[in-house]
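> Got a sequence here, can you model it:
(2 chains)
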There are 2 protein chains.
Amino acid sequence: MSDTLGVVAPAVILVRPQLGVNIGACARAMLNFGLTDLRLVAPRDGWPNPDAGPAASGADVVLANARVFDTVAEACAGLGLIFATTMRGRELTRRVVTPAQAAREFHGLAGQGGLMYGPERTGLETEDLAVAHAILTIPVNPDFGSLNLAQAVIVSAYEWFRQADDTEAATLVNHDGPAPHEELEGLIDAVDVQLRANGYYNPVPGRAAAARLLMRNLFTRPEFTAGEVRSLRGIVRGLSQRRGGG
Amino acid sequence: MSDTLGVVAPAVILVRPQLGVNIGACARAMLNFGLTDLRLVAPRDGWPNPDAGPAASGADVVLANARVFDTVAEACAGLGLIFATTMRGRELTRRVVTPAQAAREFHGLAGQGGLMYGPERTGLETEDLAVAHAILTIPVNPDFGSLNLAQAVIVSAYEWFRQADDTEAATLVNHDGPAPHEELEGLIDAVDVQLRANGYYNPVPGRAAAARLLMRNLFTRPEFTAGEVRSLRGIVRGLSQRRGGG
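Model (predicted):
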């Protein structure tokens, strides 16, 4: 019931799922984003289902711990906030939330939340929806909105994980960080000195200042690391020490 | 090149994709979230691929307009900001962004962005990544991170669409809104009058105030609509007009 981040991840309740391959794909999508509590309500072809394992692509732990219930109400035991995913349900008076909003509410919840999904072809019935606190609708292209079951699970599970992962911005930097500004200026100086020595700026007045501005722009934008700046200075030295014609 | 929202949606570049069924699933994921510009670099089994259509589940327009290129560089023609999706790429000095960050940058872009994905088994090669401006890494469960190609596409496409859809919060309300407070108080009054007439509060002092507080809590939390409040008042009337034993 607890995900890899130490918070209680929501349960996934599949109501009357039809195909084992879809149950497996859901299990995979769940585990990708740290959800492990799978609850099956009256799966059409019984349980376990031999088609589920291969589709889970290694998320066997989710399938092995899946629990089967006769009714939606029994499957929701212990859950404090249940969102039912549907494109319909307009006849019900329920809040309609996006996956992002559902995830925010899960993260503010003391207990465990639940995400409920209906059968592949027909979706949830009105009686199923009555157990849910709100409707979750995934924003999709209004001209092509057919998400399959595992796609719907992956989007909601991703949102939950994304919002749990508040360190992501800090850890996802594949970069030493830009060099200190003075190292960049040192590079520009080195180029400048050499250009000046080579008479490059003559005879146009103002050309040196324009060149420095250009270099500052060009060398700053790529966020070169200190190591890269050193490499560039090596290249500048190499260029300035060139001997012979060209 | 333009999505249903009137903004330029990013292109999806599949580099050396292996299975037609995966190309089809990507096309479906793209169209679900308003992306239509599919570019294929050297698909293993040629193009068109008969396995792609059924897997696209109706996203045929994306497949029909897909373009095939020999090289990654050719496929990136016209694109201003290209994110390469990979779990690797640690040898490169590139910014690493999340799907959410990539989507934000696409939305701030004057031109068209691109999302690049590698072959199913091996992912992108270093030479492919050299064309990308930054690395996109999808935050996943560190213990189970195997997203398939279409799953990776759906998460990034969903992020793009979610951020484009800034009206979602306003439109996704399936609800008349809670009744004005005075209507709720009217309901409470009606119950209160009847309880009082029935002698329900006698003989305990303070019971009436406690009952009103309880009702106010119970009736406020569900955010009943005005129509629902009217229905409840009808029930209260029905209860109070009851005749006979029970």
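
> what stretches of chain A score poorly on pLDDT?
Low-confidence segments of chain A (pLDDT under 70): A:1-7, A:88-93, A:166-178, A:217-218, A:221-223, A:238-246.

> Let's see that with 50 instead.
Scanning chain A for pLDDT under 50 picks out A:1-6, A:167-174, A:242-246.

> what are the ranges of the helices in it?
For chain A, the helices defined by DSSP state H occupy A:20-32, A:52-56, A:60-64, A:72-75, A:99-107, A:126-129, A:149-164, A:168-171, A:181-197, A:207-220, A:226-240.

> List of residues touching the second one?
When contacts are defined by C-beta atoms under 8 Å, 6 or more residues apart in numbering or on different chains, helix A:52-56 is touched by residues A:Gly20, A:Val21, A:Asn22, A:Ile23, A:Gly24, A:Ala25, A:Ala27, A:Arg28, A:Leu31, A:Asp60, A:Val62, A:Leu63. In this view, the C-beta of every residue, glycine as well, is placed from N, C-alpha and C.

> Buried only: go through those for me.
Among the contacts of helix A:52-56, those classed as buried by neighbour count (16 or more other C-beta atoms under 10 Å in any protein chain shown) are A:Gly20, A:Val21, A:Asn22, A:Ile23, A:Gly24, A:Ala25, A:Ala27, A:Arg28, A:Leu31, A:Val62, A:Leu63.

> Those: which ones sit near chain B?
A:Arg28, A:Leu31 (C-beta under 8 Å from any C-beta of the partner chain).

> What residues of stretch A:35-48 count as buried?
By neighbour count on 16+ other C-beta under 10 Å, the buried set for stretch A:35-48 is A:Leu35, A:Thr36, A:Asp37, A:Leu38, A:Arg39, A:Leu40, A:Val41, A:Ala42, A:Pro43, A:Trp47, A:Pro48.

> need the contact list for the nearest residue in space to A:Leu184 that is not next to it in sequence.
In space, and not counting its chain neighbours, A:Leu184 is closest to A:Phe219: 5.5 Å by C-beta to C-beta, 6 or more residues apart in numbering or on different chains. Contacts for A:Phe219 (C-beta under 8 Å, 6+ apart) come out as A:Leu184, A:Leu187, A:Ile188, A:Leu232.

> Please convert the buried ones among the contacts of helix A:52-56 to JSON lines, extending it with distance to B:Gly199.
JSON lines is the format used below for these (distance: C-beta to C-beta, whole Å):
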{"residue": "A:Gly20", "distance to B:Gly199": "61"}
{"residue": "A:Val21", "distance to B:Gly199": "64"}
{"residue": "A:Asn22", "distance to B:Gly199": "59"}
{"residue": "A:Ile23", "distance to B:Gly199": "57"}
{"residue": "A:Gly24", "distance to B:Gly199": "62"}
{"residue": "A:Ala25", "distance to B:Gly199": "62"}
{"residue": "A:Ala27", "distance to B:Gly199": "59"}
{"residue": "A:Arg28", "distance to B:Gly199": "63"}
{"residue": "A:Leu31", "distance to B:Gly199": "60"}
{"residue": "A:Val62", "distance to B:Gly199": "58"}
{"residue": "A:Leu63", "distance to B:Gly199": "60"}
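
> of all the buried ones among the contacts of helix A:52-56, which comes closest to chain B?
A:Leu31 (4.5 Å; C-beta to the nearest C-beta).

> Leaving out chain neighbours, which residue sits closest to that closest one?
Spatial nearest neighbour of A:Leu31, chain neighbours left out: A:Ala59 (3.9 Å); criterion: C-beta to C-beta, 6+ apart.

> shouldn't the one you found be in contact with A:Met30?
Yes. The pair A:Ala59 / A:Met30 is scored as a contact, 6.9 Å apart, by C-beta atoms under 8 Å.

> neighbour-wise, which of these two wins?
Using other C-beta atoms under 10 Å in any protein chain shown, the more surrounded residue of A:Ala59 and A:Met30 is A:Met30, with 30 against 26.

> for the residue of chain A most remote from its centre, phi and psi?
Distance from the C-alpha centroid of chain A peaks at A:Pro203, with 55.7 Å (C-alpha atoms, centre = their mean). Dihedral angles of A:Pro203 (phi, psi; degrees, to the nearest 10) stand at phi -100, psi 20.

> if I look at it, how far off is B:Pro48?
Relative to B:Pro48, A:Pro203 is positioned 62 Å away (C-beta to C-beta, to the nearest Å).
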